[in-house]
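Asker: return a 3D structure for these sequence lines:
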Amino acid sequence: MAELKEDLKKIKERDGELNFRANKTEEYLGLFSNVEVGKARELKEKLKKLDIPRLKEEHITKIVDIMPATSEEVKSILQGYTITVNNDNVKKIADAVAEFIPKKGKKTEKAEKAEKTEKAESAEKTEKAE
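Answerer: Sure thing, here's the model as predicted:
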């Protein structure tokens, strides 16, 4: 989405204005695209360097577009594809994306809830291992 946003900006500079459909696309991207182009490319490269088996360019692009903050969100994104990624790799993806999410002073409710969920999952795994 960040790259498309940049392309629309170039078209707007070249032509002076966008057509109806391009304007609607730009409006949509303004609402949902929350990362700048440079950071999006940097994150893509970082995810590629993780060398996660079966993770393809289309999966990486979707992850960068949505910017999942937690492991659960990464799993939700990847459920739409016929791909299986183990929990360790899902955690690596979530950690890599977290570095690119803008930091806020206070934790959001969503972040606190996700943190509690991950702690509960780790506790369950520990209990099962014993």
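Asker: for the protein, where's the lowest mean pLDDT among helices and strands?
Answerer: Least confident element among the helices and strands of the chain, by mean pLDDT, DSSP states H and E: helix 109-129 (a mean of 64).
Asker: ok, residue 43 touching residue 95?
Answerer: No: shown here, residue 43 and residue 95 do not form a contact pair, counting by Cβ atoms under 8 Å, at 11.7 Å. In this view, the C-beta of every residue, glycine as well, is placed from N, C-alpha and C.
Asker: helices along this structure, start to end?
Answerer: 2-15, 20-32, 37-49, 57-66, 71-78, 87-98, 109-129 (DSSP state H).
Asker: what's the fifth one in contact with?
Answerer: When contacts are taken as Cβ atoms under 8 Å, 6 or more residues apart in numbering, the neighbours of helix 71-78 outside the stretch itself are 59, 62-63, 66, 68, 85, 87, 90-91, 93-94, 97, 114, 117-118.
Asker: which ChimeraX command selects the buried ones in the residues you listed?
Answerer: The ChimeraX selection below is limited to those of these classed as buried (16 or more other Cβ atoms under 10 Å):
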select :59,63,66,68,85,90,93,94,97,114
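Asker: from the contacts of helix 71-78, which has minimum pLDDT?
Answerer: When these are compared by pLDDT, residue 114 scores lowest at 63.
Asker: and which of the contacts of helix 71-78 is nearest to residue 31?
Answerer: residue 66 (13.4 Å; Cβ to Cβ).
Asker: pull the number of nearby residues for the nearest residue to the closest one once chain neighbours are set aside.
Answerer: Of all residues not flanking residue 66 in the chain, residue 77 sits nearest, at 5.8 Å (Cβ to Cβ, 6 or more residues apart in numbering). A count of nearby residues for residue 77, using other Cβ atoms under 10 Å, gives 18.
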